[in-house]
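Novice: have a look at this prediction, sequence included:
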Amino acid sequence: MKLKRIIITGLFVFISYLGTSQEGLPIYTDYLTDNYYLIHPSMAGVANCSKVRLTARQQWFGQDDAPKLLTLSMNGRIGESPSAIGAILYADKNGYHSQKGAYVTYAHHLMFSRNEVDLNMLSFGLSAGFIQYQLDETTFLFDGPDPIIDGVVQNATNFNIDFGFSYHFLDFYAHGTVKNVLKNSGVNNDIEITSNLRRYLLSVGNVFSKLGSSWSYEPSVMFQYKDGTKESTIDLNAKVYKQMEFGTLWGGLSYRQSLDGAEYLSSNNTISSQKLQQISPILGVNYNDFMFAYNYTYQTNSVVFTNGGFHQLTLGYNFNCRRERFDCKCPAVN
């Protein structure tokens, strides 16, 4: 009984972080696979090329109804104008909860550079989309009529918007985004905590390299704060790039930790506390106009549902490329 209680408690400790089935597009480490547009709408059309990215993410292999996520995104400039558009489709499933969403994005980029060598750009982006939530109650076990459980598949569709900014100066960048600006009832309209899904994101990073070297290094930090639950997490990231004749080889490591602890009952019946901790190694290659990346996320906490982590594959294709305008080692732009 003690072991069962620990497992159940551990599941609920992390379900708010990992089971984001009613918070719009979940925020994992997808953005580090050359796809900041997934979390920052202002990044639509920033790059030298238009981009298509397909990502599949699976958690806890071998477990029934384990969380899984599929995203498809595309973004690019509108001709030679400073405006850009993008779109995101995604499907997220976590046990009895699932959601499907579609966003469209408009972004505008203001250049402050004196010429086409120096990069000095401020960008703004706005995404709007619909999210359909589902809660499958058909297999719920209950002895009789229950005012909470209907025994059907509940559906609800909500509209929401994200907006944010990005600033690039040479090899430095900063992004700020507010996601789920509007209140969103999901399928639990009577629970006040689910109506506020607003989330604040802040990313800062820089790319370092020596003149003439084929190696470059990119440390970055991302902070996120959930307004409704007052939870916050921080990502510490490091990536390294090696320029090759055919393209670029790159890899990295991301460490995520919550800044808020959660209490649970340990095996000796004492109250303990722990914080979410995840380590994600990333490997990728850019070959001509194609990109492939693999990402694995491992939870380092002592109380977890299972030791298995996340597996993620990302495929990308760049098209409609312009010439590289900026003399910088800035992978998100050049």
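Specialist: Noted; the coordinates are in hand.

Novice: any low-confidence regions in the stretch 1-150 of the chain?
Specialist: Within the stretch 1-150 of the chain, the stretches falling below the threshold (pLDDT under 70) are 1-23, 60-65, 116, 140-150.

Novice: where exactly do the helices run in it?
Specialist: 2-18 (DSSP state H, counting those that start in this stretch).

Novice: check the gap between the residue nearest to residue 214 when sequence neighbours are not counted and residue 326 for me.
Specialist: Take residue 214 and drop its neighbours on the chain: the residue closest to it by Cβ to Cβ, 6 or more residues apart in numbering is residue 243, 4.1 Å away. Any C-beta I mention is one placed from the backbone N, CA and C, and that applies to glycine too. Applying Cβ to Cβ, to the nearest Å, the value for residue 243 to residue 326 is 16 Å.

Novice: sorry, back to before: need the per-residue pLDDT for the residue nearest to residue 214.
Specialist: Here the pLDDT value assigned to residue 243 is 92.

Novice: report the contact partners of it.
Specialist: For residue 243, the residues meeting the contact criterion (Cβ atoms under 8 Å, 6 or more residues apart in numbering) are 214-216.

Novice: kindly report the same for residue 32.
Specialist: Applying Cβ under 8 Å, 6+ apart to residue 32 gives the contacts 237, 239, 252, 254, 280, 282, 295.

Novice: right, and the third one touches residue 282 too?
Specialist: Spelled out, that is residue 252. Yes. Between residue 252 and residue 282 a contact is recorded at 4.6 Å, counting by Cβ atoms under 8 Å.

Novice: intersection of neighbour lists for those two?
Specialist: 32, 239.

Novice: show me the contacts for residue 323.
Specialist: With Cβ under 8 Å, 6+ apart as the criterion, the residues that contact residue 323 are residue 48.

Novice: quick check: buried residues in stretch 79-99?
Specialist: Neighbour-count burial for stretch 79-99 flags 84-88, 90, 92-94, 96-99 (criterion: 16 or more other Cβ atoms under 10 Å).

Novice: next: stretch 118-126.
Specialist: For stretch 118-126, the buried set under the neighbour-count rule, 16+ other Cβ under 10 Å, comprises 118-119, 121, 123, 125-126.

Novice: what about residue 226, distance to residue 138?
Specialist: Taking Cβ to Cβ as the measure, residue 226 and residue 138 are separated by 30 Å.

Novice: what do you get for residue 97?
Specialist: Spatial separation of residue 97 from residue 138 under the definition Cβ to Cβ is 13 Å.

Novice: my guess is residue 251 contacts residue 280. True?
Specialist: No. Counting by Cβ under 8 Å, residue 251 stays clear of residue 280, with 11.4 Å between them.

Novice: quick one, which of these two is more surrounded?
Specialist: For the pair residue 251 and residue 280, the greater number of neighbours falls to residue 280 (21 against 16), based on other Cβ atoms under 10 Å.

Novice: just the element for the more buried one, please.
Specialist: Per DSSP states H and E: residue 280 is located in strand 277-287.

Novice: and that strand, what's buried?
Specialist: For strand 277-287, the buried set under the neighbour-count rule, 16+ other Cβ under 10 Å, comprises 278, 280, 282, 284-286.

Novice: stretch 231-239 now?
Specialist: Going by neighbour count (16+ other Cβ under 10 Å), the buried part of stretch 231-239 is 231, 233, 235, 237-239.

Novice: break down the stretch 51-200 of the chain into its strands, ranges please.
Specialist: Here the stretch 51-200 of the chain has its strands, by DSSP state E, counting those that start in this stretch, at 68-77, 83-94, 97-111, 120-136, 153-169, 172-179, 199-206.

Novice: and of those strands, who's closest to residue 41?
Specialist: With respect to residue 41, and counting by Cβ to Cβ, the nearest of the strands of the stretch 51-200 of the chain is strand 120-136 at 3.3 Å.

Novice: pairing partners for the closest one, with directions?
Specialist: strand 97-111 (antiparallel), strand 153-169 (antiparallel) (DSSP bridges).

Novice: would you format these as JSON lines with distance to residue 200 included?
Specialist: Formatted as JSON lines, the entries for the strands paired with strand 120-136 read as follows, by distance: least, Cβ to Cβ, whole Å:
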{"stretch": "strand 97-111", "distance to residue 200": "18"}
{"stretch": "strand 153-169", "distance to residue 200": "10"}
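
Novice: can you tell me which of the ones you listed is nearest to residue 318?
Specialist: The stretch from the strands paired with strand 120-136 with the least distance to residue 318 (Cβ to Cβ) is strand 97-111; that distance is 17.4 Å.

Novice: now do the buried residues in the closest one.
Specialist: Buried positions in strand 97-111, judged by neighbour count with 16+ other Cβ under 10 Å: 97-101, 103, 105-109.

Novice: rewinding a little: in strands only, show me the contacts of residue 32.
Specialist: By the criterion of DSSP state E, membership of the contacts of residue 32 in strands covers 237, 239, 252, 254, 280, 282, 295.

Novice: which one of those is nearest to residue 268?
Specialist: When the ones in strands among the contacts of residue 32 are ranked by distance to residue 268 (Cβ to Cβ), residue 280 comes first, at 31.9 Å.
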